[in-house]
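1. Compute the structure for the input listed below.
(chains A and B)
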Number of protein chains: 2
Amino acid sequence: MQNIVVLTGGVGGARFLEGMRAAHPDTQITAIVNTADDLWVFGVRVCPDLDSVMYTLGGGIDPERRWGRQDETWNARGELERYGEPEAWFGLGDRDLATHLVRSDRLRRGATLSQVTDELCERWRPGIRLVPMTDDEVATRLVVDTPEGESDVHFQEYWIRYRAQVPIRSLRYEGIESAAPAPGVIEAVEGADVIVVAPSNPIVSIAPILAVPGMRELLRTAAAPVVGVSPIIAGGHVRGMADQLLGGLGLEVSAAGVAEFHGARSGGGVLDGWLVDTADAGTVSRIESAGIAARAVPLYMSDDDTTRALAEDALELARPLAGER
Amino acid sequence: MQNIVVLTGGVGGARFLEGMRAAHPDTQITAIVNTADDLWVFGVRVCPDLDSVMYTLGGGIDPERRWGRQDETWNARGELERYGEPEAWFGLGDRDLATHLVRSDRLRRGATLSQVTDELCERWRPGIRLVPMTDDEVATRLVVDTPEGESDVHFQEYWIRYRAQVPIRSLRYEGIESAAPAPGVIEAVEGADVIVVAPSNPIVSIAPILAVPGMRELLRTAAAPVVGVSPIIAGGHVRGMADQLLGGLGLEVSAAGVAEFHGARSGGGVLDGWLVDTADAGTVSRIESAGIAARAVPLYMSDDDTTRALAEDALELARPLAGER
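-> Model (predicted):
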């Protein structure tokens, strides 16, 4: 095994990457990270998923919240509220802010997001190569029914300000049509021995990566098998509010439902294999009948050992599939 | 007395304005504030003098440092250092940062500095109208001899990073030729009953205001008398490192020297009157022989009463001069 590629969002994906790094410390692991959650707020560019992955792998993440920085303070944000800033709902910590300031400054001077990510990683040394899905600006936006009426909001606003508690009318990835895979994405996928879809939100983390023009075709034609890990266990998301989001869009909130959403590679989708939790062992046959090899293993990443074991299980599932192709 | 106009820099000027506000709570006081110290740092626009005045008058200044915010934390700055940012010498507090974020965001959306200043003052309610000297970007820059060789640095870098301890070869106000007085500046000066030069640094606070094209002529032809307060007492600056700066530029570091630097209005300068400290009473005759009415009074703004008394002394000095014109 020389090259592992992981498609990932933030929290769950970051933890999964820790397991993969622990399992294969000497292998080149490339994470292709969702950037459709990114946003300009208070004039700085925030990349929630890239930062969650970078801070987690670099040892700077807050271990309780699982986003943002450890030993964080919130003084800048408190002052922004006192200035009556309408965007003060966004959780911008003082330490975290430094990352956004450096990033935004570089972007304004003409650097690409991939270049800035490389630069930030010189400090954090995540041990995994982090590549944004695209250097172009993409924004997941939703039309929702708020108490004040229908509103067109950024995903972060839906997620944080409305806590995923308002009905969704529609969702789109703004800017995706004109986005191109970031430098390194195509090479990583083409050179991969295995491609893993991390247990990240299917709609707002994985789907935007797949929606970058060329990405689905790239995955369909890749030599390596594509295996994924269900972010849903026993009908619920392990952390966060993904259930509301999936349910709100009319998708089935289940391990099998997400597998079918991504689809079998043989049927025009992207998956060769799918891991579900032992609690969902009963859905393995349903998933396999959709043309996706499935296996039930413990999915809870409750400590370093189980997280590492999960990464191994994903690679284990991929091994025979690699032979098939 | 209907309209008082004060030309001012940061620390000393801010304190002086507090005295003026206390002395004349019902009078329209307009502060024309130096902006040549302003700089873009980490992608945010910092206005040291405007902020010192705003925070001081608004009750948010750190009472010990006399710049930046009370109860400040420095976590963003610490992280910027860890990212190896070359500009991490700049003292950017977390609370202070919020002001710069709001300002920078507005400026990028097309607002002028005067508009943003008005907006920030809606929160701080300084009780004095704060007007930047210009909405255009001006930068006081110096060519200095650093331990690493000759270097062209922003004033803030000279002041903070080099602590005013490196020899100066030259100083200039970059961008001043194409700067115009901000909206309100001309009207304020023309409508003033008295114009006061605050005890601010003559070279880096007052001189840049006077160097905005049209300003000297505006002051020379104003109906109101122009009186100033010496920032130098007994050959030294009350606070900070202005002596180094003045001495480094070959100027005489004395109350009379600064008066002569600004010059008598009758002789092409800007001053009708000048207050020196009682410790400098011996120089009154020298200043008067230069065509500037002078008086020795206590200049130390050691508490609210002495600060208020100093403001009254400045207006007192101006009274007979108004009659003369």
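
2. Only C-alpha atoms from now on, for both contacts and neighbour counts.
-> OK.

3. Assumed A:Leu142 was part of a helix.
-> No. The assignment for A:Leu142 (DSSP: H, G, I helix; E, B strand; the rest coil) gives strand, which keeps it out of a helix.

4. gap between it and chain B?
-> 24 Å (Cα to the nearest Cα, to the nearest Å).

5. again, but for A:Thr221
-> According to Cα to the nearest Cα, A:Thr221 and chain B sit 39 Å apart.

6. what does the stretch 51-200 of chain A put close to chain B?
-> A:73, A:75-80, A:82-83, A:85, A:94-99, A:101-102, A:104-105, A:120, A:123 (Cα under 8 Å from any Cα of the partner chain).

7. residues contacting the closest residue to A:Ala180 other than its chain neighbours?
-> Distance criterion Cα to Cα, 6 or more residues apart in numbering or on different chains; nearest residue to A:Ala180, sequence neighbours excluded, is A:Thr134 at 5.8 Å. Contacts for A:Thr134 were tallied using Cα atoms under 8 Å, 6 or more residues apart in numbering or on different chains; they are A:35, A:179-183, A:212.

8. and the gap between A:Thr134 and A:Gly263?
-> 23 Å (Cα to Cα, to the nearest Å).

9. Would you mind listing which of the residues of the stretch 51-200 of chain A next to chain B are buried?
-> Neighbour-count burial (16 or more other Cα atoms under 10 Å in any protein chain shown) applied to these gives A:73, A:75-80, A:83, A:94-99, A:101-102, A:104-105, A:120.

10. Tell me the most packed of the contacts of A:Thr134, by neighbour count.
-> In terms of neighbours by other Cα atoms under 10 Å in any protein chain shown, the contacts of A:Thr134 top out with A:Thr35 at 30 neighbours.

11. Verify the stated contact: A:Met4 with A:Val197.
-> Residue A:4: Ile, not Met. No. Under the criterion of Cα atoms under 8 Å, A:Ile4 is not in contact with A:Val197, lying 10.9 Å apart.

12. In terms of neighbours, single out the busier of those two.
-> Legend: neighbour count by other Cα under 10 Å for A:Ile4 and A:Val197, higher for A:Val197 (28 against 23).

13. Kindly indicate whether the residue lying closest to the more buried one once chain neighbours are set aside is helix, strand or coil.
-> Distances taken as Cα to Cα, 6+ apart place A:Gly228 nearest to A:Val197, at 4.2 Å, with adjacent residues excluded. State at A:Gly228, reduced to three classes by three-state DSSP: strand.

14. list the contacts for A:Gly228?
-> With Cα under 8 Å, 6+ apart, A:Gly228 has these contacts: A:196-199, A:271, A:273-275, A:314.

15. Partner strands of the helix-or-strand element of chain A with minimal mean pLDDT and their direction?
-> Here the helix or strand of chain A ranked lowest by mean pLDDT, DSSP states H and E is strand A:236-237, holding a mean of 73. Strand A:236-237 has its sheet partners listed here by DSSP bridges as strand A:232-233 (antiparallel).

16. What's the mean pLDDT across the strand it pairs with?
-> Mean per-residue pLDDT for strand A:232-233: 92.

17. And for stretch A:217-227?
-> 96.

18. start to end distance for it?
-> End-to-end for stretch A:217-227, by Cα to Cα: 16 Å.

19. Surely A:Val153 is in a helix?
-> No. Assessed with three-state DSSP, A:Val153 is strand; it does not lie in a helix.

20. Could you check how far it is from A:Thr140?
-> Separation of A:Val153 from A:Thr140 (Cα to Cα): 9 Å.

21. Settle it for me: which of these two has more neighbours?
-> Neighbours per residue (other Cα under 10 Å) separate A:Val153 from A:Thr140, with A:Thr140 holding more: 23 against 19.

22. looking at it, the more buried one is touching A:Leu171, isn't it?
-> Yes. Assessed by Cα under 8 Å, A:Thr140 is found in contact with A:Leu171 at 7.0 Å.
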